[in-house]
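> prediction below, plus the sequence it came from.
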Amino acid sequence: MRLRGGRRRGNTIIEFTLVGIPVIFLLISIFEMSRGMWLYHTLASSIREGTRLAIVHGNSCNLYPNSCAMRIRDYAGRIRDWGVGFTTADIRDLTFVSATRTITCPTLADCVGDAAAGSAYWPAGAPGAAEDAGGKRRTAIEIRATYQFRSAISMFWPGAGAGQTFGTVMLPASSRELIQY
């Protein structure tokens, strides 16, 4: 129904407020969830690639006279190279687990650098590892890490403050494989 004198002018602003703002919130939410899923998938893929590098070099690479020994920084470099979109400071608690030792770096940057953890050889040969029919030792290794995901959507949550704080969610990833060498 049309009112006399053009009194419908304020309806557009009210309709936009009631419909437009929730639609904008929905679009931002979809983008942030998609970004979070992409980062999680990239983290899992990079951790899996670091584990794959470790399983093809195997237990006996660190035993004399082999020259295929790898250091933690070599695996961390592979993780960094496959982790497109990450900063080395945001990947935290990078842990390398084998049957004989566990090495943990606070951040990926600490593993890539020349710190004590980065220069350590890993995985070391496991003397008690079970052998298969071919005489190969099958030792399980694992690499774990978490990524500090900061989401812009948290500024819309009630009680988030003046819109300047961003929520942080820790995304974990791990990969466990048997050495194939």
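Received the coordinates, thanks. Numbers count the residues shown, from 1 in each chain.

> in this structure, what spans have low per-residue confidence?
Low-confidence segments of the chain, defined by pLDDT under 70: 1-9, 58-67, 114-116, 118, 124-137, 154-166, 181.

> which residues touch the residue at minimal distance from the centre of it?
With distances taken as C-alpha atoms, centre = their mean, the chain has residue 43 as the residue nearest its mean C-alpha position (3.1 Å). With contact set as C-beta atoms under 8 Å, 6 or more residues apart in numbering, residue 43 has these partners: 83, 86, 91, 145, 147, 171, 173. Any C-beta I mention is one placed from the backbone N, CA and C, and that applies to glycine too.

> ok, now with 7 Å
83, 145, 147, 171, 173 (C-beta atoms under 7 Å, 6 or more residues apart in numbering).

> so which helix or strand takes in it?
helix 21-57 (DSSP states H and E).

> from the chain's centroid, how far away is that helix?
Remark: helix 21-57 is offset 7 Å from the chain centroid, using C-alpha atoms, centre = their mean, to the nearest Å.

> can you name the element that comes right after that helix?
Past helix 21-57, the next helix or strand by DSSP H and E is helix 72-82.

> got the CA positions of that following helix in PDB?
What follows is helix 72-82, C-alpha atoms only, in PDB (Å, rounded to 0.1, in the frame of the first residue of the first chain):
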ATOM      1  CA  ILE A  72      65.600 -31.800  12.000                       C
ATOM      2  CA  ARG A  73      66.200 -28.600  10.000                       C
ATOM      3  CA  ASP A  74      65.900 -30.600   6.800                       C
ATOM      4  CA  TYR A  75      62.500 -32.000   7.700                       C
ATOM      5  CA  ALA A  76      61.400 -28.600   9.000                       C
ATOM      6  CA  GLY A  77      62.600 -27.000   5.700                       C
ATOM      7  CA  ARG A  78      60.300 -29.400   3.800                       C
ATOM      8  CA  ILE A  79      57.400 -28.500   6.100                       C
ATOM      9  CA  ARG A  80      58.100 -24.800   5.600                       C
ATOM     10  CA  ASP A  81      58.300 -25.200   1.800                       C
ATOM     11  CA  TRP A  82      55.000 -27.100   1.600                       C
END
